[in-house]
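Undergrad: model this:
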Amino acid sequence: MFERLRQIEERYQELSRLLADPQVIGQPAQYARHAKAASDLSLVVERFTEYKAVLARITEARHILAEEPDRELRELAQSELDELTARQTALEEELRRLLTPRDPNDERNVFVEVRAGAGGDEAGLFAADLARMYVKYAERQGWKVETVERHPTGVGGFKEVILFVQGKGAWSRLKFERGVHRVQRVPVTESAGRIHTSTVTVAVLPEAEDVEVKVSDQDIRVDVYRSSGPGGQGVNTTDSAVRITHIRTGLVVTCQDERSQIKNRAKAMRVLKARLLERAQEEQRAQIAADRRSQVGTGERSERIRTYNFPQARVTDHRIGMTLHKLPQVLEGELDELIEALAAADQAERMAQVTP
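TA: I've put the predicted structure just below:
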């Protein structure tokens, strides 16, 4: 860690010299680039400078304790040493955190894809519950939510729901929801009162930027058809629904929520780009064991990241062993306690990789 800190300090000093160079000052684009780079490093350098000063004072205090005959001076030195040692520990923790690589997707908007897994109609009903939970959570965060695609079942549930969530830090929070969610409850259709176990899979995809995923007209096939749905003016009278097929990968995206074909095509293209980006990133992540826990898997009951137990009104996240006895509140979107614990565990894991 300390070698990296010294390299950062040298780079910051080099940038500071460049920012004082008249030739650089005369080139606004270059100056702005160096200024941003220096700004990004400034806090690390500031804390490293303080850390070195603390180490020097610790050495001095220890020297006084070892050499000073005066008892009062030794007591003062010991008191200062205790404070300095505590500050040294705090600075080391902060520097390790500052050196921990950030997830480049953290500030992105996301697509949340909720799909019924094992459990038939009950899985579809719980998919609707989870989709509503994420909408409520997003509203609490001040994020904007848009339904991109939904496939209802005949009993009020969903086979699939895709939500587009726009807001600062959406990926940084919702990425921990990826995986199999298991529900244990008595279905409304169960006359004998037996508890059933069903699953819902959740995928969270960062929105792709145009610079990362290029999709030309030659790469896709676009089909239009009449929307299906519960009726209403214009629903079944125009070819507004859109199906986009990505020819090379075979990925298919449909959208029929809007009455405008143009709007449906734009929505479908956003989903397609997100799925293509996820595919590319997944190929890179395939060798990283730490990401296995985030995968949806097959949707079987034995594969789960979280269990929602209705009879006991509890929620258990199996990745961190955390149980909350507040199921109704969680389903109303009160996810912060769970998500913050997951984020802290993830941060600790990544910080542990930054060796001293």
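Undergrad: Give me the below-cutoff pLDDT ranges for this structure.
TA: 189-191, 209-212, 228-238, 283-303, 353-356 (pLDDT under 70).
Undergrad: now the strands for it?
TA: For the chain, the strands defined by DSSP state E occupy 110-116, 144-152, 158-166, 179-185, 196-206, 220-225, 241-246, 252-255, 306-309, 314-317, 322-324.
Undergrad: Show me the one of those that comes nearest residue 67.
TA: strand 322-324 (51.1 Å; CB to CB). C-beta here means a position set from N, CA and C on the backbone, and glycine is covered the same way.
Undergrad: how is this protein carved up into domains?
TA: 2-99, 110-211+291-352, 217-283 (automatic domain parsing).
Undergrad: Residue 134 versus residue 150, what's the distance?
TA: Applying CB to CB, to the nearest Å, the value for residue 150 to residue 134 is 13 Å.
Undergrad: Residue 323 now?
TA: Residue 323 is 21 Å from residue 134, by CB to CB.
Undergrad: ok, the residue nearest to residue 124 when sequence neighbours are not counted - how many residues close by?
TA: The shortest distance from residue 124 to any non-neighbouring residue, by CB to CB, 6 or more residues apart in numbering, is to residue 157 (2.9 Å). By other CB atoms under 10 Å, the residues close to residue 157 number 22.
Undergrad: do residue 169 as well
TA: 12.
Undergrad: can you pull out the helices in the stretch 151-300 of the chain?
TA: 170-174, 261-285 (DSSP state H, counting those that start in this stretch).
Undergrad: now the ones you listed as CSV including distance to residue 309 and mean neighbour count?
TA: Converted to CSV, the helices of the stretch 151-300 of the chain look like this (distance: least, CB to CB, whole Å; neighbours: other CB atoms under 10 Å):
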stretch, distance to residue 309, mean neighbour count
helix 170-174, 23, 23
helix 261-285, 31, 18
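Undergrad: got CSV for the ones you listed, with distance to residue 85 too?
TA: As requested, those are arranged in CSV below (distance: least, CB to CB, whole Å):
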stretch, distance to residue 85
helix 170-174, 33
helix 261-285, 40
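Undergrad: Could you work out which of those helices reaches nearest to residue 182?
TA: Using CB to CB, those put helix 170-174 closest to residue 182, at 18.8 Å.
Undergrad: Using a markdown table, please lay out the strands of the chain together with distance to residue 265 and mean neighbour count.
TA: Listed next are the strands of the chain as a markdown table, based on distance: least, CB to CB, whole Å; neighbours: other CB under 10 Å:
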| stretch | distance to residue 265 | mean neighbour count |
| --- | --- | --- |
| strand 110-116 | 16 | 25 |
| strand 144-152 | 12 | 17 |
| strand 158-166 | 15 | 20 |
| strand 179-185 | 31 | 23 |
| strand 196-206 | 19 | 23 |
| strand 220-225 | 7 | 13 |
| strand 241-246 | 5 | 20 |
| strand 252-255 | 8 | 20 |
| strand 306-309 | 35 | 20 |
| strand 314-317 | 38 | 19 |
| strand 322-324 | 42 | 15 |
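Undergrad: surely the residue nearest to residue 124 meets residue 119?
TA: No: counting by CB atoms under 8 Å, residue 157 sits too far from residue 119 to count as a contact (10.2 Å).
Undergrad: Alright, I will stop here.
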